[in-house]
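In: return a 3D structure for these sequence lines:
(2 chains)
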Amino acid sequence: MYRYVFKRLLFLIPTILGVTLIIYAVMSITPGDPGRSMLGTSAPQADVDAYNEALGYNLPFFQKYLNYLIKMIFHQDFGISYFTKLPVFQEIWPRFLVTIKLAFFGIILSTLVGVPFGIYAAVKQYSAFDTITSLVAFFMAAFPAFVLGLMFLYIFALKLNLLPSYGIATFAHYIMPAMAISIPPAAQNMRFTKSSMLEAIRQDYVRTARAKGAPERTVIWKHTLRNALLPVVTQIGLNLGMLIAGAVVVERIFSIPGIGSLIVDRISYKDEPVIIAGTILISITFTIVMLIVDILYAYIDPRIRAKYAKLKG
Amino acid sequence: MKNNENGSDAILYKKENQFKEIWRRFRKSKGAVIGLILFIVIAGGLLAADLIVPYEKAVSQNFGARLAPPSMEYPFGTDGYGRDAFARLLHGGRTSLSIALLATFSSAIIGSSLGAIAGFFGGKVDNLIMRSLDIFMSVPDILFTMAVVYALGPSFTNLLIALTLAYFTNYVRLVRSQVLNLAEQDYVEAARAGGAKNARIIISHIIPNAIGVIIVNTTLNVAKIILYESTLSFLGLGMPPPHPEWGLMLAEAREFMRTAPWLMFFPSAAIVFTAASINLIGDGMRDALDPHLKS
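Out: Okay, the predicted model is just below:
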């Protein structure tokens, strides 16, 4: 088990290097140079050249990338924004925390709604509850987060005047955005949990448990659920990608000062340092969360634990 | 010689029969048939967009008729520039659907080939492909496509490239696990024992058995890509304006939410119905191709 965790932690290093390299390489395709962007179109060419030279812009690609990486890791220095001329880290960090908070609410909501509904629908297969929730989940899976966000804005803020429509001043401000980003993954969780439960219910050990006369409650809670929920853990981790995608659009709709809306805003100003840094920061967080999910999975699944215990010996 | 001919006839007959059998099972699911009809209507309407209403109407501005409510002349009303929302919906949908279909197709081809190579050859090749893929998948799709579209500039081709790069990864994992799984099956071992070459095993045993899962996933991916593409265009990273797109129409309709809510309604409905119809078809195909999954 420790070996597995250690191996996975070690793999985090090449992954983070690879992720930053991909993003840095993609962004370096864009035309334009930092000197021109910082000093403006009217600045003399000599000043622009001098600025680029001082920044190391004319160095070979890998040297530039390495410099960026060193500054990023050891000094939290992501460069200076072309748009606000402020250090990038100072701009993205508070906004990053807002997005994390939103995604956290999203994960909690989508799990708390999706998983129990999925379990109940599977236990009561073909009942009215199953039919209705499965149908609702099916349609919700076809709603992108921004359509839900706009719908909520129209219904709850404009028509009913119940909830605030922009900003993050109070908890109530988080309700609509969190709902909009968590409904699509909740629908997915519900469908996934249901099929995972149905598969587990058909297993031989469940039949055995029933045959030996175990009460239905024990069969469901002890035998079926514990096995069915294992793949659901991975699924919840995978939801994070969906939640991030949702957060980017929902932050725009509800004017939330998160990192997603910052990246989208700065795309129109061609503020590359912010776009690169924001993308890298979210990707690294994403990688770490996926790693935690993987380790958690190995921890709760005795089969995987046993596999690595054997390898050790 | 004669025997041989009979043999190929039998195979042909079997294939045709198999197709009929799948179609029969597909038809039995009400949802799948509704999805298919809905999709044919939507796709037919989008493909025939030029015949129904000229592209000119989708982009020509008419400030005399700004924010007109739905009427006989403008079935879905007009937007803030007085452009016909119905024409924009049809022409925008055609672009989104074409991008989604092309991106699905190209990501399926690239991803499946890589997955097949990884699964079939195993060892170092497999390791190299899968580890690179892990890194690739650590960048959330939305940020990756945003970065690619930003770097290359928004256009039809660049959107296609961005979405293909974001989606081919699914196929690599899927096809690799299928190939690994199938390679262990008894009939593959039997074929190998019978002296069949790699190429023959792949063509006559692996591909026919893996294709079902790939087709189902490809169908469901079309819906996912449509949702993703509309998200990108909502963020202003879709086709450059004034070209209409569903996401962009919604982004523009937002400021008129109070005065012209119908501008939000029609593009939302178009996105949801298109995605739902494709999902219905995908679910129906899964049940038809993989009967053991359905108890």
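
In: can you spell out the domain ranges of chain A, please?
Out: A:2-75, A:89-312 (automatic domain parsing).

In: can you give me the strands for the stretch 101-250 of chain B?
Out: With DSSP state E, counting those that start in this stretch, there are no strands along the stretch 101-250 of chain B.

In: what parts of it come near chain A?
Out: B:131-132, B:134-136, B:138-144, B:146-148, B:150-152, B:223, B:227-228, B:230-231, B:234-237, B:247, B:250 (CB under 8 Å from any CB of the partner chain). Every residue, glycine included, has its C-beta placed from N, CA and C.

In: contacts only, for residue B:224.
Out: residue B:167 (CB atoms under 8 Å, 6 or more residues apart in numbering or on different chains).

In: can you name the element that comes right after the helix or strand that residue A:99 is a member of?
Out: Using DSSP states H and E, residue A:99 sits within helix A:88-123. Where DSSP H and E defines the elements, the next helix or strand beyond helix A:88-123 is helix A:128-140.

In: contacting residues for the residue of the stretch 51-200 of chain A found nearest chain B?
Out: Closest contact between the stretch 51-200 of chain A and chain B, by CB to the nearest CB, is at residue A:142 (3.9 Å). Counting by CB under 8 Å, 6+ apart, residue A:142 makes contact with B:223, B:227, B:271-273, B:275-276, B:279.

In: recalculate using a threshold of 10 Å.
Out: A:184, A:187, B:223, B:226-227, B:271-280 (CB atoms under 10 Å, 6 or more residues apart in numbering or on different chains).

In: got it, and residue A:98?
Out: So residue A:98 contacts A:168, A:174, A:247, A:251, A:256-262 (CB under 10 Å, 6+ apart).

In: tally up the residues packed near residue 76, please.
Out: In the absence of a named chain, this looks at chain A. Here the number of neighbours of residue A:76 (other CB atoms under 10 Å in any protein chain shown) works out to 13.

In: looking at chain B here, not the other one
Out: 24.

In: hang on, it packs against residue B:85?
Out: Yes - in this structure, residue B:76 is within contact of residue B:85 by CB atoms under 10 Å, at 4.0 Å.

In: what do the two both touch?
Out: With CB under 10 Å, 6+ apart, residue B:76 and residue B:85 have common neighbours B:68, B:70, B:249, B:262-263, B:265-267.

In: just the buried subset of the residues you listed, please.
Out: Neighbour-count burial (16 or more other CB atoms under 10 Å in any protein chain shown) is assigned, among the shared contacts of residue B:76 and residue B:85, to B:68, B:70, B:249, B:263, B:265-267.

In: in the chain, which residue is most central in space?
Out: In the absence of a named chain, chain A is used. Central residue of chain A (CA atoms, centre = their mean): residue A:240, 3.1 Å from the mean position.

In: try again with chain B
Out: Note: chain B centre (CA atoms, centre = their mean) maps to residue B:222, 1.6 Å.

In: rewinding a little: give me every residue that touches the residue nearest to the centre of chain A.
Out: With contact taken as CB under 10 Å, 6+ apart, residue A:240 is in contact with A:103, A:106-107, A:185, A:285-286, A:289-290, A:293, B:140.

In: one more pass at 6 Å, please.
Out: By CB atoms under 6 Å, 6 or more residues apart in numbering or on different chains, the contact list for residue A:240 reads residue A:289.

In: remind me which helix or strand it belongs to.
Out: helix A:225-253.

In: quick one, that helix and helix A:88-123 angle?
Out: Orientation check (axes from the mean of the first three to the mean of the last three CA atoms, to 10 degrees): helix A:225-253 against helix A:88-123 gives 140 degrees.

In: continuing past helix A:225-253, what's the next helix or strand?
Out: By DSSP H and E, the next helix or strand past helix A:225-253 is helix A:259-267.

In: mind listing residues that contact that following helix?
Out: Helix A:259-267 has contacts (CB under 6 Å, 6+ apart) with A:92, A:95-96, A:99, A:247-248, A:251-252, A:274-275, A:278, B:150, B:235.

In: contacts only, for the closest residue to residue A:201 other than its chain neighbours.
Out: Leaving aside its chain neighbours, residue A:201 sits nearest to residue A:224 (5.5 Å; criterion: CB to CB, 6 or more residues apart in numbering or on different chains). Neighbouring residues of residue A:224 by CB under 6 Å, 6+ apart: A:200-201, A:206.

In: nearest to residue B:109 among those?
Out: Closest approach between the contacts of residue A:224 and residue B:109, by CB to CB: residue A:200, at 35.4 Å.

In: host element of that closest one?
Out: helix A:172-201.

In: and residue A:59, by the same measure?
Out: Using DSSP H and E, residue A:59 falls outside every helix and strand.

In: burial of the closest residue to it other than its chain neighbours, as a residue count?
Out: Spatial nearest neighbour of residue A:59, excluding adjacent residues (CB to CB, 6+ apart): residue A:67 at 7.3 Å. The local packing of residue A:67 (other CB under 10 Å) involves 13 other residues.

In: local confidence estimate at residue A:67?
Out: You'll see residue A:67 listed with a pLDDT of 85.

In: next one: the one 4 residues further on
Out: In the predicted model, residue A:71 carries a pLDDT score of 84.

In: mind listing what it touches?
Out: Taking CB under 6 Å, 6+ apart, one finds residue A:77 in contact with residue A:71.

In: can you tell me the SS state at it?
Out: helix (DSSP: H, G, I helix; E, B strand; the rest coil).

In: so where's chain B shaky on pLDDT?
Out: Within chain B, the segments meeting pLDDT under 70 span B:1-15, B:291-295.

In: quick one, what contacts the residue in the stretch 151-300 of chain A positioned nearest to chain B?
Out: Here the stretch 151-300 of chain A gets closest to chain B at one residue, residue A:245, 3.8 Å apart by CB to the nearest CB. Applying CB under 6 Å, 6+ apart to residue A:245 gives the contacts residue B:142.

In: if we can go back for a sec, could the shared contacts of residue B:76 and residue B:85 go into JSON lines alongside secondary structure?
Out: Supplementary listing: these in JSON lines, determined by three-state DSSP:
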{"residue": "B:68", "secondary structure": "coil"}
{"residue": "B:70", "secondary structure": "coil"}
{"residue": "B:249", "secondary structure": "helix"}
{"residue": "B:262", "secondary structure": "helix"}
{"residue": "B:263", "secondary structure": "helix"}
{"residue": "B:265", "secondary structure": "helix"}
{"residue": "B:266", "secondary structure": "helix"}
{"residue": "B:267", "secondary structure": "helix"}
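
In: and which of those residues is nearest chain A?
Out: Of all these, chain A sits closest to residue B:267, with 8.5 Å by CB to the nearest CB.

In: the residue of the stretch 51-200 of chain A closest to chain B sits in which helix or strand?
Out: Under the assignment here (DSSP H and E), residue A:142 is part of no helix and no strand.

In: and it, what are its phi and psi?
Out: phi -100, psi 0 (degrees, to the nearest 10).

In: from residue A:151, how far out is it?
Out: 13 Å (CB to CB, to the nearest Å).
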